[in-house]
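Colleague: here is a sequence together with a model predicted from it:
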Amino acid sequence: MLPAIEDDIKNGPEAPKNNMASLTSLMFARFKAGKYPMALLSTDNFSQNGEKLEKSVLTIAQGWEKNGLVPSEFVDYLQDDKKVSFPLSMIDRITPNPSETVSDKLKADGFENYQIFHTPGHTNIAAFTNTEEVHYLVVEDDFPNGRPALDKAGVILTNRDTVNDADEMKVTTCLNPLHTALAVNGSLLGFNSIAKEVSDPDMLNLIKQIGYVEGLPVVTDPKVINPKKFIDQLVNKRLPNPYSPDMPQRIAADTSQKLSVRYGVTIQHYIDDPKRDPKDLHFIPLVLATWCRYLMAIDDQGKPFEPSRDPMLSELQPKVADIKLGEKTDVHAHLKDILSNKKIFGHDLYEIGLGDVVEGYFASQISGVGAVRKTLEDTLSKYAKQI
Ligand SMILES: NC(=O)c1ccc[n+]([C@@H]2O[C@H](COP(=O)([O-])OP(=O)(O)OC[C@H]3O[C@@H](n4cnc5c(N)ncnc54)[C@H](O)[C@@H]3O)[C@@H](O)[C@H]2O)c1
Ligand SMILES: O=P(O)(O)OC[C@@H](O)[C@@H](O)[C@H](O)[C@H](O)CO
């Protein structure tokens, strides 16, 4: 548990400092006012987001109860699904960090409050948001206190399993894996715009292979959104949008925390299906190798770059720090601890026959300047299917 959370649990509902304790404290006020019903709807971008929110709120409340700071009835209230619900949701709208370009345009048009504030935690905050036209919000219809007519505003209200399928479709197959492929490749190949990156035929082909060829055949159709049409719209309209100021560097943040979700679930489907084998995959292992290459923080031209924030950088970067482009290297010795880490990939990649494949791509990518691009071209010409 983070020390900040331990402090919040020790200090009780009167003096919360962090988000989860603040939310739990507000719920305590609602409990004291009359045990009124409430839905706490998470719109975080990860699977089973409602469950994670519920666990977080309960961890704080149970900690307070243990310390004698709230009555046990408060914990009962939070666990009574007729009173308090934590619906699941799938949320989709590419929303880059507030961009200087947009800020400048707003200023030129005479808007006030066009400024962007940069926090010490490297978050950019502004009074405006730059986002895209397309958006999906799929929400579990479980609101103990009723709800506004969200469906009239385009929200898809449905049952828990359907939200889960829609979420898996988007986060583990049809959008976020393509995003991460663009993030690590783009950072190495010198792109700072997603729209420009997908105008590169190799990059576009790579994400199409991951989406249509490797992911789509194993996705569960949530029915409320058609997965193939969803990818069509993403690759033909959303990613190439020249007005979206999205950057590979934004998406590359916390990649170590995302790989097991964005690729591990698809890999698991290849393990579970007797007609498939993880070794049928070529482009997902290539992206995993590219991420290892990214950890070196040397771009494909041999120049250093600053990787995006990631809680595992300080642990992982030393493992590849002494590799020099073009020099003979024992790749297995460098990568074995990373590729066998189930927390990162959801699997020990050696156990499922992908460790050697990733090592092979990585060896090719460190063979010299320009080798990331060359490995991508070679892999596409060897394995890419016509789409
Ligand atoms: N940006 C998008 O395109 C997009 C789309 C759909 C969903 N989402 C989801 O929306 C949420 C916010 O995304 P964003 O793009 O605004 O990210 P961001 O990085 O701009 O903001 C994240 C915020 O969370 C705070 N934070 C991080 N760790 C925290 C912790 N342990 N406790 C409290 N606060 C913490 C950070 O300080 C920051 O203010 C995420 O869950 C993301 O997955 C984003
Ligand atoms: O928000 P993250 O950091 O989990 O992931 C970065 C992007 O892939 C993500 O924000 C997408 O833009 C979003 O999932 C689109 O709906």
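Modeller: Ah, there it is. Ligands and ions are numbered 1, 2, ... in the order given.

Colleague: against Ser72, how distant is Ile9?
Modeller: Note on Ile9: its distance to Ser72, by CB to CB, to the nearest Å, is 16 Å. (C-beta placed from N, C-alpha, C; glycine too.)

Colleague: next up, phi/psi of the residue nearest the centre of the chain, please.
Modeller: By CA atoms, centre = their mean, the chain has its centre lying nearest to Lys258, at 5.1 Å. Dihedral pair for Lys258: phi -110, psi -20, per degrees, to the nearest 10.

Colleague: and what of the one 4 residues further on?
Modeller: As for Arg262, its main-chain torsions (degrees, to the nearest 10) stand at phi -70, psi -30.

Colleague: how deep is Ser89 tucked in, by neighbour count?
Modeller: 20 (other CB atoms under 10 Å).

Colleague: what's the neighbour count on the residue nearest to it when sequence neighbours are not counted?
Modeller: Distance criterion CB to CB, 6 or more residues apart in numbering; nearest residue to Ser89, sequence neighbours excluded, is Val139 at 4.7 Å. Counted with other CB under 10 Å, the neighbours of Val139 add up to 24.

Colleague: same thing with Pro201?
Modeller: 9.

Colleague: what of Ala4?
Modeller: For Ala4, the neighbour count with other CB under 10 Å is 12.

Colleague: hang on, the earlier thing: and whichever strand or helix holds the residue nearest to Ser89 with ligand 2, contact?
Modeller: Secondary structure assignment for Val139, by DSSP states H and E: strand 136-140. No. Under the criterion of CB under 6 Å from any ligand atom, ligand 2 is not reached by strand 136-140; the shortest gap measures 8.0 Å.

Colleague: one step back: ok, the residue nearest to Ser89 to Asp151 distance?
Modeller: 9 Å.

Colleague: shared neighbours, those two?
Modeller: Common contacts of Val139 and Asp151, defined by CB atoms under 8 Å, 6 or more residues apart in numbering, comprise Leu157.

Colleague: what's around Met20, how many residues?
Modeller: 19.

Colleague: cool, and the one 4 residues further on?
Modeller: By the criterion of other CB under 10 Å, Thr24 has 25 neighbours.

Colleague: that one contacts Asn11, doesn't it?
Modeller: No. The pair Thr24 / Asn11 is not scored as a contact, 12.0 Å apart, by CB atoms under 8 Å.

Colleague: hang on, the earlier thing: who's in contact with the residue nearest to the centre of the chain?
Modeller: Taking CB under 8 Å, 6+ apart, we find Lys258 in contact with 176, 180.

Colleague: kindly report the same for Lys237.
Modeller: Val134.

Colleague: hang on, it in a strand?
Modeller: No. Lys237 is assigned helix when assessed by DSSP: H, G, I helix; E, B strand; the rest coil, not a strand.

Colleague: returning to that earlier point: kindly spell out which helices and strands sit in contact with the strand holding Val139.
Modeller: Using 3 or more CB pairs under 8 Å, 6 or more residues apart in numbering; DSSP states H and E, the elements in contact with strand 136-140 are strand 89-92, strand 156-158, helix 160-167.

Colleague: give me the sheet partners of that strand and which way each runs.
Modeller: Sheet pairing for strand 136-140, assigned by DSSP bridges, gives strand 89-92 (antiparallel), strand 156-158 (parallel).

Colleague: out of these, which is closest to Asp109?
Modeller: Closest approach to Asp109 among those (CB to CB): strand 89-92, 28.5 Å.

Colleague: get me the contact residues on the stretch 1-150 of the chain for ligand 1.
Modeller: 18-19, 44-45, 91, 93-95, 97, 121, 123.

Colleague: okay, and which of those map to strands?
Modeller: Among these, the ones falling in strands (DSSP state E) are Ile91.

Colleague: so among the residues of the stretch 1-150 of the chain next to ligand 1, where is pLDDT lowest?
Modeller: Looking at these by pLDDT, the weakest one is Gly121, with 74.

Colleague: quick one: residues contacting Asn205.
Modeller: By CB under 8 Å, 6+ apart, Asn205 lies in contact with 380, 384.

Colleague: tell me, how many residues neighbour the residue in the chain that ligand 1 sits nearest to?
Modeller: Nearest residue of the chain to ligand 1, counting by CB to the nearest ligand atom: Asn45, 2.6 Å away. If you count neighbours by other CB under 10 Å, Asn45 ends up with 17.

Colleague: quick one: contacts for it?
Modeller: Asn45 neighbours (CB under 8 Å, 6+ apart): 91, 171, 176.

Colleague: picking up where we left off before, now for the helices and strands packed on strand 136-140, which one comes closest to Pro248?
Modeller: Shortest distance between Pro248 and the helices and strands packed on strand 136-140, using CB to CB, is found for strand 89-92: 18.8 Å.

Colleague: domains in the chain, by residue range?
Modeller: Using automatic domain parsing, the domains assigned to the chain come out as 3-90, 92-156, 159-383.

Colleague: hey, which of those domains is tucked in deepest?
Modeller: domain 159-383 (a mean of 19; mean count of other CB atoms under 10 Å).
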